[in-house]
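1. here is a sequence with its predicted model. Questions after.
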Amino acid sequence: MLETRLETLADRSDWDGCLFPSSHAASGHITTDTVRNRFAALAERAGVTVDGEPPTPKMGRRFWYTLYGDAVRQLADRYAPITDDRGSTDPGVVLDNYLSEADRRTHRRQAMHDALTTVLGTA
């Protein structure tokens, strides 16, 4: 779902990077309070709690960035053999220097898709 959302937004020539752009708000995006309310409603509908309390958006962000960091590290590890062949000790060199930004984005999306599927299951 997120992958589809990002692809849809990325195709817009005027996309400014906001995940939830709004044509109704003067700022061009929805407010923090709107995101908090939507997050709370989503958690309630899903019946999700953390230690018996509703989760906060910060918990959601922490989960996302932890999972994203793990996925990116695993992606870099996939390139370790190429890194060794190039005489480097940092797999990030291959990602940064030998892949286009579009290829890096595609690989990151796939890595994140795989990580989310592992954690959340298939929809």
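-> Happy to help now that I have it. Numbering: from 1, shown residues only.

2. what's the single longest helix in the protein?
-> In the chain, with assignment by DSSP state H, the single longest helix is helix 57-78.

3. tell me the gap between that helix and the middle of its chain.
-> Distance, stretch centre to chain centre, for helix 57-78: 8 Å (CA atoms, centre = their mean, to the nearest Å).

4. one more: stretch 108-123?
-> For stretch 108-123 - counting by CA atoms, centre = their mean - the centre lies 10 Å from the chain centre.

5. if you count neighbours, what's buried in it?
-> 111-112, 115-116 (16 or more other CB atoms under 10 Å). Heads up, the C-betas are built off the backbone N, CA and C, glycines and all.

6. would TSV of those with distance to residue 8, secondary structure and pLDDT be doable?
-> Formatted as TSV, the buried residues of stretch 108-123 follow (distance: CB to CB, whole Å; DSSP: H, G, I helix; E, B strand; the rest coil; pLDDT from 0 to 100):
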residue	distance to residue 8	secondary structure	pLDDT
111	20	helix	88
112	16	helix	87
115	21	helix	86
116	17	helix	85
